[in-house]
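Asks: Provided below for reference: sequence and predicted model.
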Amino acid sequence: MLLGPESWAGVSSVLRTLRQDPFVAAPRPLPREVEDFVTPWLEDVLGAIPPPASPQECLEQPAPELVIAGHSSACPRLLLVAEAAIARGHHVTTVLLVNGRVPEDGLSATDLDPPLGRLLDNLTRPDDHVPPWHRWWGSLMEDMLPNALDRERVFGEARPIPRALFDQKIPAPRLPDDVRLAFLAMGDMYAPSMDEARQQGWSVARMEGEHLHQVVNPVAVACTMMALVSQAHG
């Protein structure tokens, strides 16, 4: 939610070489004055998914399987994406969270992480926005993305974010039992979420790396995602 499609362009390219058909959603900047920050984002994400197969096409060949994957602050919203995609006729098989929080029904980012709320309060500008995400952390970004061209390419898409976005409660609907859940951790930043996912019986993997490891090593991340999806379905 806080970056743009360039942060996943490398993984998408690798997945194509593995004979997958990936798409990377590119949600529009959120409106300045709205009360609901989930629905417009959700509609943009769903708009990036090709239309589901028609009944006639399903008779001729199996419906395409859809994996819903998201990173960081998108993770708590992925169950909503999957629920809406299923309602539109898609065959969703897996929801894969990458280095983010496990969805918890009816809670916001600041409910779950009060220190984040205090940080955002200190960053909030007179227009009630916070700066683009990469400006929150100073020189840590150079450790996360050592390559200057990568930083320019990825962070060039980041935009200011409405402060209120982080206080909106997010539903976490229950999905059909045949939709599998998986979690990919990059380093230990989201170790508690990884442990929670494992306790709930999800397929779990951990890679060494920083929060934007998918930019640094898209081959390893793409292959690990593929392995997790396969593991989730036994």
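Replies: Arrived safely. All values reported here derive from a predicted model rather than from experimental measurement. Numbers count the residues shown, from 1 in each chain.
Asks: what's next to the helix or strand where A227 lies, contact-wise?
Replies: Using DSSP states H and E, A227 maps to helix 218-232. Here helix 218-232 makes contact (C-beta atoms under 8 Å, 6 or more residues apart in numbering) with 10-11, 13-15, 18, 20, 67, 69, 93-94, 96, 98, 180-182, 184, 186, 202-205, 207, 213-214. (Each C-beta comes from the backbone N, C-alpha and C, glycine too.)
Asks: got the buried residues for it?
Replies: P218, A220, V221, A222, T224, M225, L228, V229, A232 (16 or more other C-beta atoms under 10 Å).
Asks: before we move on, back to that, show me how to select, in ChimeraX, the buried members of the contacts of helix 218-232.
Replies: Buried members of the contacts of helix 218-232, defined by 16+ other C-beta under 10 Å, are picked up in ChimeraX with:
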select :10,11,14,15,67,69,93,94,96,98,180,181,182,184,186,202,203,204,207,213,214
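Asks: which members of the contacts of helix 218-232 occur in strands, if any?
Replies: 67, 69, 93-94, 96, 98, 180-182, 184, 186, 203-205, 207 (DSSP state E).
Asks: that older thread, can you lay out the buried residues of helix 218-232 as JSON lines showing pLDDT?
Replies: What follows is the buried residues of helix 218-232, written out as JSON lines (pLDDT from 0 to 100):
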{"residue": "P218", "pLDDT": "98"}
{"residue": "A220", "pLDDT": "97"}
{"residue": "V221", "pLDDT": "98"}
{"residue": "A222", "pLDDT": "98"}
{"residue": "T224", "pLDDT": "97"}
{"residue": "M225", "pLDDT": "97"}
{"residue": "L228", "pLDDT": "96"}
{"residue": "V229", "pLDDT": "96"}
{"residue": "A232", "pLDDT": "90"}
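Asks: most widely separated two among those?
Replies: For the buried residues of helix 218-232, with distances taken as C-beta to C-beta, the pair at the greatest spread is P218 and A232 (20.9 Å).
Asks: any weak-confidence spans in this structure?
Replies: 31-33, 58-59 (pLDDT under 70).
Asks: tell me where it has helices.
Replies: 9-17, 39-47, 55-60, 78-87, 109-112, 114-123, 140-144, 148-155, 191-199, 213-216, 218-232 (DSSP state H).
Asks: centroid residue for the chain?
Replies: G70 (2.1 Å; C-alpha atoms, centre = their mean).
Asks: just say which of the helices of the chain is most tucked in.
Replies: Most buried of the helices of the chain, by mean neighbour count (mean count of other C-beta atoms under 10 Å): helix 213-216, with a mean of 22.
Asks: quick one: list the elements packing against that helix.
Replies: Helix 213-216 sits against helix 9-17, helix 148-155, helix 218-232, with contacts defined as 3 or more C-beta pairs under 8 Å, 6 or more residues apart in numbering; DSSP states H and E.
Asks: how much does the last one deviate in direction from strand 203-207?
Replies: Angle of helix 218-232 versus strand 203-207, following axes from the mean of the first three to the mean of the last three C-alpha atoms, to 10 degrees, is 160 degrees.
Asks: I'd like to check the angle between helix 218-232 and strand 180-186, please.
Replies: Using the same axes, to 10 degrees: helix 218-232 against strand 180-186 is 150 degrees.
Asks: can you give me how far helix 218-232 is from the chain middle?
Replies: For helix 218-232, the gap between its own C-alpha mean and the chain's C-alpha mean amounts to 15 Å (C-alpha atoms, centre = their mean, to the nearest Å).
Asks: then stretch 205-215?
Replies: With C-alpha atoms, centre = their mean, you get 14 Å for stretch 205-215.
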